[in-house]
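Asker: generate a structure from the sequence data that follows.
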Amino acid sequence: MLLFNCYTVSFFGHRYIENPLALQRILEKLIEKIIDENECVDFLVGRNGDFDIVASSAVRRVQKNYRDDNSYLVLNLPYETAEYKNNTKYFEEYYNDVRISFSAELAHPKRAIETRNFEMIDMSNLVICYVTNNKGGAYKAMKYAQKTDKKIINIANYENKI
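Answerer: Model prediction:
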């Protein structure tokens, strides 16, 4: 049995996105490139707003329409949410894996998402974000990724403005 050293990508972005379809197209092209260049890829996502939903959808669309043999979509929750408890079967069918952050569960409730985000970044080789302003959780995640010398792609800076 072979064990793969998976390349890990995490996604962070603003809660509200003005043009999610354009963003999804950009993400799909980037995801295709990443899965072509790596033997195994873990895509880590949260579920706290528009960007997370668009990123998850882009990964699933690429897996369905392009290639699904070397990538995994992993939902990372800061704690077991009511939404997850009430829809466990759906989550386990949609995502390849669901992980609940032990560190975030122990954190103060106001810090749980940030703690989970930093944990995802620590596990990542690449951080893909959509950050257009200098406040909020996505901005803090991007700054933490910079501080820890992670490779970062802020797709808000792409020439094809969203």
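
Asker: how about low-confidence regions in this protein?
Answerer: 1-4, 159-162 (pLDDT under 70).

Asker: identify the single longest helix in it, thanks.
Answerer: If you go by DSSP state H, the chain has its longest helix at helix 20-37.

Asker: contacting residues around that helix?
Answerer: 7, 9, 17, 41, 43, 50-51, 53-55, 57-59, 61-62, 66-67, 70-71, 126, 128, 130, 153, 155, 158, 160, 162 (CB atoms under 8 Å, 6 or more residues apart in numbering). No exception for glycine: its C-beta is placed from N, CA and C like everyone else's.

Asker: among these, name the ones in strands.
Answerer: 7, 9, 41, 43, 71, 126, 128, 130, 153 (DSSP state E).

Asker: give me the buried entries from those residues.
Answerer: For these, a burial check counting by 16 or more other CB atoms under 10 Å picks out 7, 9, 41, 43, 71, 126, 128, 130.

Asker: residue contacts, the closest residue in space to the last one that isn't next to it in sequence?
Answerer: Nearest-residue entry for residue 130: residue 13, 3.4 Å, with adjacent residues in sequence omitted and distances by CB to CB, 6 or more residues apart in numbering. The neighbourhood of residue 13, defined by CB under 8 Å, 6+ apart, consists of 49-52, 54-55, 129-131, 138.

Asker: now do 6 Å
Answerer: 51, 129-130, 138 (CB atoms under 6 Å, 6 or more residues apart in numbering).

Asker: which two among the residues you listed are spaced furthest apart?
Answerer: 51 and 129 (8.2 Å; CB to CB).

Asker: looking at these two, which one has more neighbours?
Answerer: When neighbours are counted by other CB atoms under 10 Å, residue 51 and residue 129 differ, and residue 51 comes out ahead with 26 against 23.

Asker: could I get the full set of helices for this protein?
Answerer: 20-37, 50-65, 82-86, 88-94, 102-106, 112-123, 137-147.

Asker: buried ones in the second one?
Answerer: This means helix 50-65. Using 16+ other CB under 10 Å as the test for burial, helix 50-65 gives 50-60, 62-63.
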